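Asker: Need a 3D model of the sequence below.
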Amino acid sequence: MGTLFRKRPIRYPLLILSLLMTASIIALIMWKPVIGVIYGILVLTTAIITWKYEKNTYDETEKHIAMLSYRLENVGEKALLEMPIGIILIDDSSLIEWANPFIKRMLEDESLIGRDLSYVSDELSNFINHEDFNDLNITIKNRQYRVFHKQDEKLLYFFDITEQVEIEELYYEDRTVLAVLFIDNYDEITQGMNDQSRSQMNTLVTSLVNKWGSQHDIYIKRISSDRFMAVMNESILANLESKKFAILDDIREITAQQNLSLTLSIGVGAGSPSLTELGELAQSSLDLVLGRGGDQVAIKQPDGKVKFYGGKTNPVEKRTRVRARVISHALRDLIQDSDQVFVMGHKMPDMDAIGASMGVRKMADMNKVDGYVVIDFELLDNSTNRLMQVVKEKSELYDRFLSPETVLSKMTEKSLVVVVDTHKPSMTIDERIINKASKIVVIDHHRRGEEFIDSPMLVYMEPYASSTAELVTELLEYQPKHDKMTMLEATALLAGIIVDTKSFTLRTGARTFEAASYLRTNGADTVLVQKILKEDLNTYLERAQIVKTTEFIHEGVVIAHGEKGQIYNSVLIAQTADILLSMKDITASFVVAHRSDGKIGISARSLGEMNVQVVMEALGGGGHLTNAATQLEVHTIEEAISRLKDTIEDVLEGSKE
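Answerer: Numbers count the residues shown, from 1 in each chain. The predicted model follows:
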C-alpha cells in the first residue's frame, strides 16, 4: 500500500501556465490598462476556482485510498484468520512458528507453537523434504486434507477436501460393471440327458445364480443355455471380491450333490465409463478364465490389469480329437507359408520344453520347411545336458539347435516362431526373438496368466493336459506321414511327458497314455529315458540337505529352504518339492532357494487340496493348481520365506471365508 501515500506531486505544467498568464496580463495592462485589469480578474477568479476544485478532488481521492487501504488490510487479516483454509509457518527445523485459528480448530489444540510438524502428521515430515512434490493428501481426525507446500516461504496450506473425496468415492462405487457367467461343462453333461433331466438341471443352476444375484443386488439375465449376463456396480464388485466369489463354491458343491459336477466361470469388465469397452473387457476376461481351465473369476481393467479368484479344482478335460486335428492343420498351413520355423521354450528349459521343441521342429521337416530349436547351451540342467550329448551324436539333428544370437541373424519377415511350454514373453529364452517375429504360435499346457505374448497367430493352450509334449505329440499325429519321427525325437517327447507327470502319477489323463502309446509305436526308448533322467549322488545329497530344513506352517503345508548363499539348480528345487509331496501328512510343499540368476526361486507343489498357483501368482509367478513356481528379487532367504508365509496365510484365510 506504499504507493497510496506518496507526497503530492509538484504540478510543473500549472506553474508554467500561471507564469505565462501573468506575463500576458502585465503586457496587456501596459498596452490597454482597463482590458488588462478585467482580464486579470477573470484569470485570477478562474485559477482560484480551479485550485479549489483540484484540492477537493485530491482530498477526496486521498481519503478514498486511505479507506480502501484500511479495508484491504482488514479483509486480508480476517481472511488469514477466519477463512476455512489452514496455514502453518515453519522454521528450518520443521518447528511450527505460527498457525492460523483454522489449524487450531482442526487439531483441537491451541498450543501448536514450537511443536514439531510431525505432531500434525507424520507424513508431512517426509513430504516437506522432497523438492519434487508440491502437494499431498493426508487424513487428520477422519477428515481429508490436501496440503500445498511453499518452500521459499516455508508455508503449508491445508484445504479440506473431505466432501470432494466422498463424492469421488460415490462416483467410483456407482460405476457400472458388466460380467459374463459361463457354465464350463454344460454341453458335456447335458449331452446324454433326456429333456426332463436337462430342464431340472437348468432350473437348479438358474435358481442358484438368481439367488446369488438377488442377495447382492445384481441384475442377472440368462442369455443362452450356458451363459448369463450380470450388471452391477463397483461397490457390489468389491463386496464380491471380499467374499472370494462364493458362488463358485456354491455351484460346484450343490451340483455335485446332484451328481452333475458343474463349475462356473465368470469374466468381469470394470473400471471404464464406456459400456462397449466394459462388454469387451468382460468377454476378454472370460476367454482368459477358460484358457486357465475354468472354475475361476477374472476381473479386467482398461489398463490391462487382471485379478483372479477361485481355481480350486483341476480343469475338466474337455478337448477332443477334432480340436487337436483342427489346430494341427492350422499349424501345418502356417508352417508351409513360412521360409523357416524357430521353436523356443522357456529359460533354463526342462525335458518338457526340449521335447516339445524337438517335436515342433519335426513338424517343420514333415512339411519340407527348415526347422530349428532355439537353445542357450550355457543354461541347461543335468537331464537336458545328457539329452544334448545324445543328440550331439546325430550331427544332422544337432545342427538344428541354434543359439539366440544365430537365430536373430537368420530370421526374416516370413519366419515363424513357435513358443512352447510358456506363454510369457519374459520367460522365453530370448525375448528379442519374440519382438522381432511377425508370425508367432503359442503351444502351452499352463493356465494362462496376465502376461501374454502380443498378437499370436495361433494359440493352443490346454491347461488340463499333462505336458506340452503331450499336446505336440497329438499334433504330430495329423501331420504328413512321409517323414516319420526318429527314435531320439520320440524319446525326447516321452521324457517330457514322464518328467511332467512324475512317471504318470500326477495330472495324467487317458489322452496322456494315448500319446505315450503313440510315441512308443514310433520307437521311443524307455531305457534311454531312464538314462537321461538319471541323477548323480551329489544332486541327491543336495536335495536331502534341503529336506532337512522342512517345517510345517499349517496342517499339511510345509516350507523347506536351501542354504544361505548357495546356488541351486531350478530343477533340483522343483524335484525337492515333489519329493516332499510324496511324504506322509504333506499335502502342499514349498521349496525356497537361491538361483543362478541372482533371484530366489520358489517351487510349489500340492495334491489339489490347496491351489498353489494362486499363491505363486500373488508373488508374481504362475503355473497349475498343483504345480507352480515364481522368482523373487529379494536378497535373503528369510525375506522370501516371510513373503511366502504371508501370502499362504492370505490364501488360506480366503479359502476359509
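Asker: can you give me the helices for the stretch 401-550 of the chain?
Answerer: For the stretch 401-550 of the chain, the helices defined by DSSP state H, counting those that start in this stretch occupy 404-410, 431-436, 468-476, 487-501, 510-521, 526-533, 537-547.
Asker: got those helices as TSV, with distance to residue 200 columns?
Answerer: Where you see a C-beta, it was placed from the backbone N, CA and C, and this is true even at glycine. Shown next, in TSV, are the helices of the stretch 401-550 of the chain (distance: least, CB to CB, whole Å):
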stretch	distance to residue 200
helix 404-410	57
helix 431-436	50
helix 468-476	36
helix 487-501	38
helix 510-521	29
helix 526-533	49
helix 537-547	51
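Asker: And the helices in the stretch 1-150 of the chain?
Answerer: Using DSSP H, counting those that start in this stretch, helices in the stretch 1-150 of the chain cover 12-31, 33-82, 101-107, 122-127.
Asker: Let's test this: mean pLDDT of the longest one, rounded?
Answerer: Across helix 33-82, pLDDT averages out at 69.
Asker: domains for this protein, by residue range?
Answerer: 2-81, 85-165, 185-310, 321-533, 539-656 (automatic domain parsing).
Asker: Could you list the low-confidence segments of the stretch 51-200 of the chain?
Answerer: Within the stretch 51-200 of the chain, the ranges that satisfy pLDDT under 70 run 68-82, 129-134.
Asker: Now with 90, please.
Answerer: 51-173, 184-200 (pLDDT under 90).
Asker: Show me where it has its strands.
Answerer: For the stretch 51-200 of the chain, the strands defined by DSSP state E, counting those that start in this stretch occupy 85-90, 96-99, 135-140, 143-150, 155-160, 176-183.
Asker: Adding mean neighbour count, write those strands out as TSV.
Answerer: Shown next, in TSV, are those (neighbours: other CB atoms under 10 Å):
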stretch	mean neighbour count
strand 85-90	18
strand 96-99	17
strand 135-140	14
strand 143-150	16
strand 155-160	18
strand 176-183	22
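Asker: Dump those strands into a markdown table; add distance to residue 650 as well.
Answerer: Below are the strands of the stretch 51-200 of the chain laid out as a markdown table (distance: least, CB to CB, whole Å):
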| stretch | distance to residue 650 |
| --- | --- |
| strand 85-90 | 39 |
| strand 96-99 | 41 |
| strand 135-140 | 25 |
| strand 143-150 | 28 |
| strand 155-160 | 36 |
| strand 176-183 | 24 |
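Asker: Which among the domains of the chain is found nearest to residue 177?
Answerer: With CB to CB, the closest approach to residue 177 among those belongs to domain 185-310: 4.6 Å.
Asker: Quick one: distance of the closest one to the chain centre.
Answerer: 22 Å (CA atoms, centre = their mean, to the nearest Å).
Asker: Compute the first-to-last residue distance for that domain.
Answerer: For domain 185-310, the separation between the terminal residues is 16 Å (CA to CA, to the nearest Å).
Asker: All further residue positions should be reported with the first residue as 13.
Answerer: I'll keep to 13 as the first residue from here, and by that count the last item is domain 197-322.
Asker: number of nearby residues for residue 56?
Answerer: Neighbourhood size, residue 56 [other CB atoms under 10 Å]: 13.
Asker: Pull up the gap between it and residue 63, please.
Answerer: Note on residue 56: its distance to residue 63, by CB to CB, to the nearest Å, is 11 Å.
Asker: In space, what's closest to the residue most central in space within the chain - neighbours in sequence excluded?
Answerer: In the chain, the residue lying closest to the centroid (CA atoms, centre = their mean) is residue 317, at 4.2 Å. Nearest non-adjacent residue to residue 317, counting by CB to CB, 6 or more residues apart in numbering: residue 462, 7.3 Å away.
Asker: isn't that neighbour right up against residue 318?
Answerer: Yes. Counting by CB atoms under 8 Å, residue 462 does reach residue 318; the two are 4.6 Å apart.
Asker: the more surrounded of those two?
Answerer: Comparing residue 462 with residue 318 by other CB under 10 Å, the one with more neighbours is residue 318, at 20 against 16.
Asker: is that one in a bridge, and if so with what?
Answerer: residue 312 (DSSP bridges).
Asker: List the contacts of it.
Answerer: Remark: with contacts taken as CB atoms under 8 Å, 6 or more residues apart in numbering, residue 318 is in contact with 297, 300, 310-312, 462.
Asker: possible to save those as TSV with distance to residue 626 and pLDDT?
Answerer: Formatted as TSV, the contacts of residue 318 follow (distance: CB to CB, whole Å; pLDDT from 0 to 100):
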residue	distance to residue 626	pLDDT
297	17	86
300	15	74
310	13	87
311	14	90
312	17	86
462	13	71
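Asker: Using TSV, lay out these together with distance to residue 195.
Answerer: Compiled in TSV, those are given as follows (distance: CB to CB, whole Å):
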residue	distance to residue 195
297	16
300	17
310	16
311	19
312	20
462	25
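Asker: Alright, that wraps it up for me.
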